[in-house]
Each structure stands twice: as C-alpha cells, then as structure tokens.
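Undergrad: let me see the structure of the following:
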Amino acid sequence: MAERFQMNGMTPLGAEVCPDPRFTYMTPEEVQELAGRIMPGELHVEHVKRQFRNLAYGPLPEQQLDVYLPEAGDGPFPTVIYVHGGGWSVGTRASSAIDFAIDGINRGYAVVGVDYRLLPDGAFPENLFDVKGAIRWLRAHAAEYHLDPERFGMMGDSAGGHLTLMCAMTGDRPEYEGNYGSPEQSTRLQACIDLYGPSDMLADDEMYLESGKRRMSPPTRPSLYDVLFGSNVETCSISYPS
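TA: Numbering: from 1, shown residues only. Predicted coordinates for the structure are as follows:
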C-alpha cells in the first residue's frame, strides 16, 4: 500500500508546492472566503418535524447518517442520499451544502445526509465502502424510517459528487462493495446527480487554461488525487488498500 500523507485541510503536509506560470492564483483571503460560501457552517434543521440524527450504519465513529422525512404521510418515500464535498478531507453531513438538498422533504422525498471517512484516515476505496455501507443499511432499515428501497437516488457536490458517480457506476460490483452494512442488501441506485464532482483527474490544467479562471492554490506533488488513490494519477499506478 502506498504511503498515506498527512493532510492539512486539502493539502498534503510535506508536499512540494509547484507554482505554474501559466496560471494565476487566488489570495489566501479569497480562498478562505470562497470556502466559507462553499462549505457553510452550522446546519439549521429545527424546522424539520421528523428527523432521526446520528444513526450508526457501521462500527466506526465516522459511519453515521441523518434521516429527514416530509412532515406528513407514512411513505414509503423516495429517498435522496446526500454525500458532502470537501476534497475528501474536510466537511461533514451537518456542515456542508445539504441545506439545499433538505428542501426535498417539501416535495415528498426523504433526505439522508451521510458521513464517511476522510483523508488521511480513509482514502479510496475506503470512503466508497463507507457510502456503500450506508446504502445497504438504509435499505435494511427502510420500513423503520418510511423509505422506499426501490427508489434510492444519490446526490453529492465536489468530492461527494465523485463518490456519487462511483456508487452509481459500481452498484453490486464485489470489488467496490466493502464489508459494512447489511451484505444481503443491494447498493444499486435508481438515480444520481453529480454536482461538479471530478471525473477526469488529469483535466484540471486544461480546464483552467480554457476558462482563464484563477486556481485556488498552486498544485503540489504529491497531488491531492495521488494521496486519495495511493497512486501516481499521471501514470495510473494505483495501490488499493487491503
């Protein structure tokens, strides 16, 4: 298994910063302001009449989720599972952009917020295994929480969008399942929404050059993607955790 680099926010500690003269970069103050808008602070859900918080879907402390239900009705409700962003290294189900997803309860949906292990403690595919475990747990407890197990959709932003895509594309594939949750349950999704989640780990340079937008910070070696995958992304040399 490749060495796990310690993280500081979304930058590997000890990584070499590699400014590239082709790009311009935000100031630290601008980065902080942007992060505050992307990752809002405390979640306010006092208006949700039916909610179940801090439900454990696995044995690890990070493996928890929250369920929010429409105010009326017994369901079973079609379910939106929200996976937070944060560069796979920061954020929680209660301090992310889930507030816009929770509006689904006003349209007859159950909404679920999921936590998963973050870097450096949980790289890929461990974070995927966590989210898959949450899907299985929710299906196993669907009747208890008025969920429709035949109508599970997932949405996520940024890193959560990446995990959403991975869940949608690898449902019930053994090598991507992990051992958490109820093994007899399926992880297949009926719908997914990826909100600006990365799908091409080598496209960053081209994207910024084409758009002319400033980057948040100079690239590093190893990159965040290398740390996430335990790999050299450019050569696609990947060493998955055992």
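Undergrad: I'd assumed Tyr68 was in contact with Phe77.
TA: No: assessed by CB atoms under 8 Å, Phe77 is found out of contact with Tyr68, at 10.1 Å. Using the backbone N, CA and C atoms, a C-beta is placed for each residue, glycine as well.
Undergrad: what's the overlap in contacts for those two?
TA: Residues touching both Phe77 and Tyr68 (CB atoms under 8 Å, 6 or more residues apart in numbering) are Ala110.
Undergrad: measure how buried Thr164 is and give me the count.
TA: Using other CB atoms under 10 Å, Thr164 has 25 other residues around it.
Undergrad: same deal with Arg37?
TA: For Arg37, using other CB under 10 Å, the count is 8.
Undergrad: from the chain's centre, how far out does stretch 48-66 sit?
TA: 15 Å (CA atoms, centre = their mean, to the nearest Å).
Undergrad: so which residue is dead centre in the protein?
TA: Compute the mean C-alpha point of the chain, and by CA atoms, centre = their mean the closest residue is Gly160, 2.4 Å away.
Undergrad: and the nearest residue to that residue once chain neighbours are set aside, bridged to which residues?
TA: Spatial nearest neighbour of Gly160, excluding adjacent residues (CB to CB, 6 or more residues apart in numbering): Val83 at 3.6 Å. Under DSSP bridges, the beta-bridge partners of Val83 are Val114, Gly156.
Undergrad: for Val83, what are its contacts?
TA: With CB under 8 Å, 6+ apart, Val83 has these contacts: Val114, Tyr116, Val131, Met154, Met155, Gly156, Gly160, Gly161, Leu163, Thr164.
Undergrad: and it, how far is that from Arg22?
TA: 33 Å (CB to CB, to the nearest Å).
Undergrad: distance between the ends of stretch 118-126?
TA: 9 Å (CA to CA, to the nearest Å).
Undergrad: so how far is it off the chain centroid?
TA: Averaging C-alpha positions (CA atoms, centre = their mean) puts stretch 118-126 11 Å from its chain's average.
Undergrad: can you check stretch 5-12 too?
TA: 17 Å.
Undergrad: output that stretch as CSV, restricted to C-alpha atoms.
TA: Taking C-alpha atoms only, stretch 5-12 is exported to CSV below (Å, rounded to 0.1, in the frame of the first residue of the first chain):
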residue,chain,number,x,y,z
PHE,A,5,0.4,11.5,3.6
GLN,A,6,-0.9,13.6,6.5
MET,A,7,-3.4,16.2,5.4
ASN,A,8,-3.8,19.8,6.4
GLY,A,9,-7.2,20.9,5.1
MET,A,10,-7.0,19.9,1.5
THR,A,11,-3.2,20.0,1.1
PRO,A,12,-0.8,17.1,1.9
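Undergrad: buried sites along it?
TA: Phe5, Met7, Met10, Thr11, Pro12 (16 or more other CB atoms under 10 Å).
Undergrad: contact partners of it?
TA: 13-15, 86-87, 89-90, 118-120, 217, 220, 222, 224, 227.
Undergrad: try stretch 183-192
TA: 132, 135-137, 139-140, 150-155, 164-165, 167-168, 170-172, 177.
Undergrad: now do the end-to-end distance for it.
TA: Across stretch 183-192, the terminal residues are separated by 22 Å (CA to CA).
Undergrad: average pLDDT for it?
TA: Throughout stretch 183-192, pLDDT has a mean value of 95.
Undergrad: in it, what's buried?
TA: Gln185, Thr187, Leu189, Cys192.
Undergrad: and the residue nearest to the last one when sequence neighbours are not counted, what does it touch?
TA: The shortest distance from Cys192 to any residue that is not its chain neighbour, by CB to CB, 6+ apart, is 3.8 Å, and that residue is Ala168. Under the criterion of CB under 8 Å, 6+ apart, the contact list for Ala168 reads Met154, Leu189, Cys192.
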